[in-house]
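Engineer: Sequence and predicted structure, then a few things I'm wondering about:
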Amino acid sequence: MSTRSRPSTPRQADFDQFEATELYCPECGRSVQVRKSLLLVLPEGDKYEYRCQYCGTTVGDKIDRAGQFSGILKA
């Protein structure tokens, strides 16, 4: 029985952040392509909204803590 030794250094994250390209739309009743748009600039990060490309229904959101606009509020 062999065991692999793990490196002693901390492991970096495999993925920094995910970007949604398709999400389920309750109005269309299927997985659809989405459009991402900046909704709010908050102290904790930039809030984005995902909308259905076909009917415009909001299908999700995301807060990007390392967003390009989050530095505006930190002074």
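Structural biologist: Right, received. Where do you want to start?
Engineer: CA only for contacts and neighbour counts going forward, please
Structural biologist: Fine.
Engineer: which outside residues touch the longest strand seen in the chain?
Structural biologist: When the chain is scanned for its longest strand (criterion: DSSP state E), the result is strand 30-42. Strand 30-42 is contacted from outside by 20-25, 46-54, 69-70, 73, using Cα atoms under 8 Å, 6 or more residues apart in numbering.
Engineer: Distance from it to the middle of the chain?
Structural biologist: Averaging C-alpha positions (Cα atoms, centre = their mean, to the nearest Å) puts strand 30-42 9 Å from its chain's average.
Engineer: picking that back up, now a ChimeraX select for only the buried ones of the contacts of strand 30-42.
Structural biologist: Those of the contacts of strand 30-42 that count as buried under 16 or more other Cα atoms under 10 Å are selected in ChimeraX with:
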select :22,23,25,46,47,48,49,50,51,52,69,70
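Engineer: Filter the contacts of strand 30-42 down to just the ones in helices.
Structural biologist: Among the contacts of strand 30-42, no residue falls in helices (DSSP state H).
Engineer: quick one: which of the contacts of strand 30-42 sit in strands?
Structural biologist: Within the contacts of strand 30-42, residues falling in strands by DSSP E are 22-25, 46-52.
Engineer: ok so, going back, pull up the pairing partners for the longest strand of the chain, direction included.
Structural biologist: The pairing partners recorded for strand 30-42 under DSSP bridges are strand 22-25 (antiparallel), strand 45-52 (antiparallel).
Engineer: of all those strands, which lies closest to residue 58?
Structural biologist: Checking the strands paired with strand 30-42 against residue 58 by Cα to Cα gives strand 45-52 as the closest, at 4.4 Å.
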